[in-house]
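Trainee: What follows is a predicted protein model with its sequence.
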Amino acid sequence: MSRLDKNGLLEAATRIFEAQPDPSGAADLVSAKGSVVVEDDPKQFKAAFKRLKKVDGYRWIVINREDLFLANSLSIGSKAGIMDAGGKVLKAADQPRKR
C-alpha cells in the first residue's frame, strides 16, 4: 500500500470504522468501536496522542504503516490503539480507564 496523505487516511478510517465526523471535535471521527484520530505526519503524532488522552472510551490513531516505529513509543500510557489504512491493527487499544 502506498503512503497516504491525511485525506486518504481519513477516507480509509471512515470506511474501516464505519465512522462519522466527531461533532465535539475532540477526535476526527467517532464510531461504535471508539474515537479515531488520523495523522499522516510523524511530527504530529505526539499532538495526536495528546488529543486522544482527553477522549473517553476506546481510542484509535490511524497512520501509515511505515510510521509504526515512530508512533509506538509515543503511544505508551495513552491506552490508544494503532491501525493502518488497510484496517490492520498494529497495536491493540487498551481497555478505557474508569473516570
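Mentor: Noted; the coordinates are in hand.

Trainee: quick one: residue 97 from residue 39, how far?
Mentor: To residue 39, residue 97 is 22 Å away according to Cβ to Cβ, to the nearest Å. All C-beta spots, glycine's among them, are computed from the backbone N, C-alpha and C.

Trainee: So the residue positioned nearest the centre of the chain: helix, strand or coil?
Mentor: Nearest residue to the geometric centre of the chain (Cα atoms, centre = their mean): residue 61, 1.1 Å. Here residue 61 is strand, with the state taken from DSSP: H, G, I helix; E, B strand; the rest coil.

Trainee: And it, how far from residue 21?
Mentor: Distance from residue 61 to residue 21, by Cβ to Cβ: 16 Å.

Trainee: Tell me where the chain has helices.
Mentor: 6-17, 45-53, 68-74 (DSSP state H).

Trainee: and the ones you listed as TSV, adding distance to residue 80 and mean neighbour count?
Mentor: Compiled in TSV, those are given as follows (distance: least, Cβ to Cβ, whole Å; neighbours: other Cβ atoms under 10 Å):
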stretch	distance to residue 80	mean neighbour count
helix 6-17	13	17
helix 45-53	5	18
helix 68-74	9	14
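
Trainee: Okay, now the unreliable bits of the chain?
Mentor: Regions of the chain meeting the criterion pLDDT under 70 cover residues 1, 98-99.
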